[in-house]
Structures are given as C-alpha cells and as structure tokens.
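> Sequence and predicted structure are below.
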Amino acid sequence: MNRGVINRFLGFCIVLLVQVLVLNNVHILGVITPLLLVYPILCFHRGAKRVSLLLWSFSFGIIYDMFSDTWGMGTFTNTLLAFIQPGLLNLFSPHDEDDEETDFEPDVFSMGIGHFLAYSFFGTLIYHTVFNLLNAFNVSNIVYTLIAIGGGTVLSTVIIFFTELIIRKHR
C-alpha cells in the first residue's frame, strides 16, 4: 500500500474518533457543535483525483453517519464539500508564475496564515450551513439554526487552525 493512503486513512480514523467520542458531546448554548469532519477534506492536495476525493469523503461521511445517527447528513455534506474543495482551494491558495503545482498541499505554512484561515473558514461555513439546514429541515427555529451555523463555523475553524499548527509543527 502507498504510504500516503495509510496516512490519510489513519488521519480520517483519528478525526472520526475525536468527532464521535468528544466533539459530538459538546453543545455550547445547546446548539453549537464543532464539526472537525471538514479538516481531512480540506487537506487534500491540489492534484488529487476528483474520484478519489469524492470516494474518501463519501466513505468518511457514511461511517460518521453510522456512529452518529445522523441519517445521511454527514455523507451528503462531506460529498458536497469534496465536490467544491478543488475550486475553493484554487480561490484561496496563493498564486505564482508556476501556479499549477499538482502536489500543492493546503496547510498553514504553504498557504500562509491568512489564506489558510480564509480557506478553512469558508469551507467550514459551507459545511456547517448545509449540515445544520439539513438538520433543522424547516425555518421555524431559524435563529437557533443561524446560531448553530455561525458559532459552529467559528469554533470549528479555531479547532482546525490549532490542529493544523500542532500537526504541521511535528512534521
């Protein structure tokens, strides 16, 4: 097996365990729950094949749904984020003359803090918006839904940023 595939699988497993065992039990103000599931999807490098990205994200989402009883919300949201991740990466990655690096991996050090924070914030915002709208499925409690989207996005982005700093510092 390829070393990258094993590392990606282990990373997905660790994020899944942290999400299911710890973060799913955090409910600030009763509605704000951080979702770290965004992080592995955002970390795919620029040259990753679209099919590979979609299959990893779909598999990750369906496993999350099995452990969290979310009935396909994680699967749909992960797959949607995987579909738009290459465009989001191109939008927020710094551009040079030799711009088309296929092995460009989005992280704090290759993108810079500002670009990485914007990239992870907007990816997380899209993820939380779709996930929480699917969860609410109506607009009767729109205030709680907006609080869940905004608070979850900010909290998840902060967690992703510090996770990224810790992981990349030890590489």
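Nice, thanks for sending it over. Numbers count the residues shown, from 1 in each chain.
> Now do the strands in this structure.
Ranges of strands in the chain, per DSSP state E: none exist.
> pLDDT below threshold where in it?
Applying pLDDT under 70 to the chain picks out residues 1, 96-102, 170-171.
> max-length helix in it?
Using DSSP state H to define each element, the chain has its longest helix at helix 142-169.
> In this protein, which residue is most central in space?
Centroid check for the chain by CA atoms, centre = their mean gives Val38 as the closest residue, at 1.0 Å.
> Show me what counts as buried in the longest helix of the chain.
Neighbour-count burial for helix 142-169 flags 145, 147-149, 151-157, 159-161, 164 (criterion: 16 or more other CB atoms under 10 Å). C-beta: built from backbone N, CA, C; applies to glycine.
> How about stretch 129-136?
129-133, 136.
> cool, and stretch 62-77?
By 16+ other CB under 10 Å, the buried positions in stretch 62-77 come out as 63-65, 70, 73-77.
> Go ahead and name everything in contact with it.
16, 19-20, 24, 37, 58, 61, 78, 127, 130-131, 134-135 (CB atoms under 8 Å, 6 or more residues apart in numbering).
> can you tell me how far Gly150 sits from Leu89?
Between Gly150 and Leu89 the distance is 23 Å, computed by CB to CB, to the nearest Å.
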